[in-house]
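K.L.:
Generate coordinates for the sequence data below:
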Amino acid sequence: MSQQLAVGIDIGGTNTKFGIVDRRGNILCQDRMSTKAHEEVTMFLEELHQRLSKLIDQVGGIENIKGIGVGAPNGNYYTGNIEYAPNLRWKGIVPLAQMLEELFGLPTVLTNDANAAALGEMTYGTARGMKDFITITLGTGVGSGIVANGQLIYGHDGFAGELGHVIVIPGGRLHPGTGAHGSLESYASATGVTSTALELLEARPNEESLLRNHTAEEIDSKMIYEAAIKGDKLAIEIYEYTGKVLGEALANFVMFSSPEAIVLFGGLTQAGDLIMRPVREHMEKNLLPIFQNKVKLLFSELKESDAAILGASAMAWEMKD
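P.N.:
Purely as a prediction, here's the structure:
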């Protein structure tokens with residue numbers, strides 16, 4: 001039974017989730033804590049050590065654990081460092097993998113959160129058995145992980161695969177976080193959908209919409225979805241436009257790495273056909289004939305609340321004994 005378990009840690013800007021996972025992807029126990037409550041990483045690690053040690057004891061002790069995998073913003077697989085993460089309070093370079101190894105005495109590997117999601121899909125999810133696929137997370141932002149020839153693409157410095165920051169509309173909408181104009185994240189994220197809604201409402205003051213019953217501050221992607229399923233024309237058009245932008249971007253990604261599938265994940269996918277129909281239409285329309293009707297568009301099978309822990313833990317199985 002020894003070493004049949006792995007620890008997965010998902011560090012987000014607000015909260016950190018962690019759990020212990022078996023080889024089949026069952027999370028045996030898990031816990032969460034605040035990330036942003038800790039100004040210093042040492043204080044954060046102190047609380048994490050205390051909480052995670054309890055879980056390790058619950059599963060029979062450290063000798064049953066193969067290693068620790070961590071998904072974190074700007075996590076660098078090669079160095080084990082979190083590097084200049086914009087949404088964490090710990091600034092600069094944080095040697096997190098090394099710090100965790102010293103605390104727990106277990107081998108630790110780190111990558112960014114979107115890459116961890118791709119590993120989770122490959123190990124436990126929709127992409128099991130696939131050697132070429134791309135995962136796209138459509139949440140508050142747009143994250144991605146690229147797998148080619150059975151390997152996650154890290155690039156020469158550990159930061160490859162930032163498809164959310166690819167420019168899809170040159171000179172387009174400003175991304176307040178990066179200063180870039182026209183990046184995919186500014187259009188195909190939950191935040192981007194809300195921006196599209198506000199732009200359309202302003203540009204067409206005479207068009208009726210359920211969204212006009214709310215202030216600009218109140219409108220969010222959930223509200224837009226609810227209006228669309230009630231048949232609101234403006235809300236449906238917002239999804240059509242978002243799907244067009246995302247579909248055109250996916251066509252570019254397909255022609256770059258020729259994946260078997262693109263696995264979509266995150267809150268925006270809950271809109272189902274409202275967004276997927278235009279995504280597929282505009283992706284296929286912009287592909288060369290050699291790529292058309294070959295690439296599967298799939299939804300993640302992993303439970304959203306568990307996916308980050310599973311993805312992070314998946315890295316531990318790859319460690320050499």
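
K.L.:
From now on I want contacts and neighbour counts done on CA atoms only, so please keep to that.
P.N.:
OK.

K.L.:
In the chain, which residue sits furthest out from the middle?
P.N.:
Distance to the chain centre peaks in the chain at Asn206, reaching 37.6 Å (criterion: CA atoms, centre = their mean).

K.L.:
quick one: what helix or strand has that residue in it?
P.N.:
In the assignment (DSSP states H and E), Asn206 maps to no helix and no strand.

K.L.:
What is the burial count for Ser209?
P.N.:
Using other CA atoms under 10 Å, the number of residues around Ser209 comes to 16.

K.L.:
Could you do Ala203 as well?
P.N.:
Residues near Ala203, counting by other CA under 10 Å: 10.

K.L.:
Next up, phi/psi of it, please.
P.N.:
phi -70, psi -20 (degrees, to the nearest 10).

K.L.:
How confident was the prediction at it?
P.N.:
Looking at Ala203, its pLDDT stands at 96.

K.L.:
Any figure for the gap between it and Asp273?
P.N.:
Using CA to CA, to the nearest Å, Ala203 is found at 26 Å from Asp273.

K.L.:
and what of Ala160?
P.N.:
30 Å.

K.L.:
When the two are compared, which one has more neighbours?
P.N.:
Ala160 (16 against 13).

K.L.:
so what's that one closest to, chain neighbours aside?
P.N.:
Distance criterion CA to CA, 6 or more residues apart in numbering; nearest residue to Ala160, sequence neighbours excluded, is Tyr154 at 4.8 Å.

K.L.:
I am assuming Leu174 contacts Leu184, so please confirm or correct that.
P.N.:
No: in this structure Leu174 lies outside contact range of Leu184 using CA atoms under 8 Å: 10.8 Å.

K.L.:
Looking at the two, which has the bigger crowd around it?
P.N.:
Leu184 (25 against 13).

K.L.:
what's near enough to touch that one?
P.N.:
Contact analysis of Leu184 by CA atoms under 8 Å, 6 or more residues apart in numbering lists Val142, Leu163, Gly164, His165, Val166, Ile167, Val168, Ile169, Val245, Leu246, Ala249.

K.L.:
Can you say which of those residues are buried?
P.N.:
Val142, Leu163, Gly164, His165, Ile167, Val168, Val245, Leu246, Ala249 (16 or more other CA atoms under 10 Å).

K.L.:
Of these, which is the nearest to Asn286?
P.N.:
Each of those was checked against Asn286 using CA to CA; the closest is Ala249, at 9.2 Å.

K.L.:
mind listing what the closest one touches?
P.N.:
Contact analysis of Ala249 by CA under 8 Å, 6+ apart lists Val168, Leu184, Met283.
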